[in-house]
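Participant: Predicted model, plus sequence, below.
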Amino acid sequence: MKIIERTCILTIHQLRDAFTLGKVAGEAAADKIKKLIAVKDSAYIILATGTSQFETLNHLIADQGIDWSKVTMFHLDEYIGIPITAKASFRKYLKERFIDKVPALKAANLINAEEDPVAECKRLGDLITKHQIDLAFVGIGENGHLAFNDPPADFDTEEPYIIVDLDEACRRQQYNEGWFDTMEAVPKRAISMSIKQIMKSKQIICSVPDSRKAEAVRNCLEEPISNWNPASILRDHEHCSIYLDNDSSALLSNTRKK
């Protein structure tokens, strides 16, 4: 592992490949959760989904020392109109890849966007505002999105969960990753945790493998912070660690790889 930049607000780790990235990020997350429980007897976390989180989640749940009964989980985003039985459902993803593989959580707050997304945003917003989130897991989309906050993302709303339109690049990514059989099947709207709510998390772990993300990584880390590169806002967070592999970090300038 090579730490390629350290500032007062951001740590960027460059790892060899996606497996190593997930191992280092997952083990760091497990250590943070255990320390939180030791200090305050609880941990409130946000979980992301998608292919970028596969290895990080695998290594997180491999840690046998976490008392999951003290952990409350919030869900980052979900397509509107997708049933939990659908291959692309993020509820299904979290249930199969996380919830079913760990001992019972204190609470698992999943997004149900099938029937009344407005009411669901309010329900989840009322829940999450009662707690300080300790640790958020996020990724960066091919279009630079953070959660489903596609560019130009709303950096100003105070609402914890919002209804968003998915742009063409975002929908194309979901199709190319194999979550949908046709491009037409990819929903055009979703419920997403807002940018401000994500940024309220005390600590953030951002896992970003794959060459498909290289341009977005460069734009978010080297261009000015802007809602046109939504994940660039992570540079304003006081305790954010970004985990990259050689492919996703390939376009970063040489001055950053020192």
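Facilitator: Yep, that arrived.

Participant: can you list the residues that contact stretch 55-65?
Facilitator: With contact meaning C-beta atoms under 8 Å, 6 or more residues apart in numbering, stretch 55-65 is reached by 18-19, 21-23, 25-27, 29-30, 34, 47, 97-98, 101-102, 137, 205, 207, 209, 243. In short, each C-beta sits where N, CA and C put it, glycine included.

Participant: for it, which positions count as buried?
Facilitator: Buried positions in stretch 55-65, judged by neighbour count with 16 or more other C-beta atoms under 10 Å: 55-61.

Participant: from those, which is closest to Glu222?
Facilitator: Thr56 (23.6 Å; C-beta to C-beta).

Participant: and the closest one, how far is that from Val208?
Facilitator: Distance of Thr56 to Val208, given as C-beta to C-beta, to the nearest Å: 10 Å.

Participant: just Gly141 next, same as before
Facilitator: Here the criterion is C-beta to C-beta. By it, Gly141 lies 9 Å from Val208.

Participant: before we move on, the earlier item: buried only: go through the contacts of stretch 55-65 for me.
Facilitator: Buried residues within the contacts of stretch 55-65, counting neighbours by 16+ other C-beta under 10 Å: 18, 21-23, 25-26, 29-30, 47, 97-98, 102, 137, 205, 207, 209, 243.

Participant: Helices - which of those land there?
Facilitator: Using DSSP state H, 18, 21-23, 25-26, 29-30, 97 are the members of the buried ones among the contacts of stretch 55-65 that sit in helices.

Participant: Show me which pair in those residues is furthest apart.
Facilitator: Using C-beta to C-beta, the two most remote members of these are Ala18 and Ala30, lying 18.1 Å apart.

Participant: Please enumerate the strands of the protein.
Facilitator: Using DSSP state E, the strands of the chain run over residues 2-6, 10-15, 43-47, 71-75, 77-79, 107-109, 135-138, 161-165, 189-193, 203-208, 240-245.

Participant: Would you reformat those strands as CSV and include mean pLDDT and distance to Asp150?
Facilitator: Converted to CSV, the strands of the chain look like this (pLDDT from 0 to 100; distance: least, C-beta to C-beta, whole Å):
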stretch, mean pLDDT, distance to Asp150
strand 2-6, 44, 26
strand 10-15, 93, 23
strand 43-47, 98, 19
strand 71-75, 98, 18
strand 77-79, 98, 11
strand 107-109, 98, 23
strand 135-138, 98, 14
strand 161-165, 98, 7
strand 189-193, 98, 9
strand 203-208, 98, 16
strand 240-245, 97, 20
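
Participant: Just send those back as JSON lines, with distance to Glu120 too.
Facilitator: Shown next, in JSON lines, are the strands of the chain (distance: least, C-beta to C-beta, whole Å):
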{"stretch": "strand 2-6", "distance to Glu120": "38"}
{"stretch": "strand 10-15", "distance to Glu120": "32"}
{"stretch": "strand 43-47", "distance to Glu120": "16"}
{"stretch": "strand 71-75", "distance to Glu120": "11"}
{"stretch": "strand 77-79", "distance to Glu120": "9"}
{"stretch": "strand 107-109", "distance to Glu120": "11"}
{"stretch": "strand 135-138", "distance to Glu120": "20"}
{"stretch": "strand 161-165", "distance to Glu120": "7"}
{"stretch": "strand 189-193", "distance to Glu120": "6"}
{"stretch": "strand 203-208", "distance to Glu120": "24"}
{"stretch": "strand 240-245", "distance to Glu120": "28"}
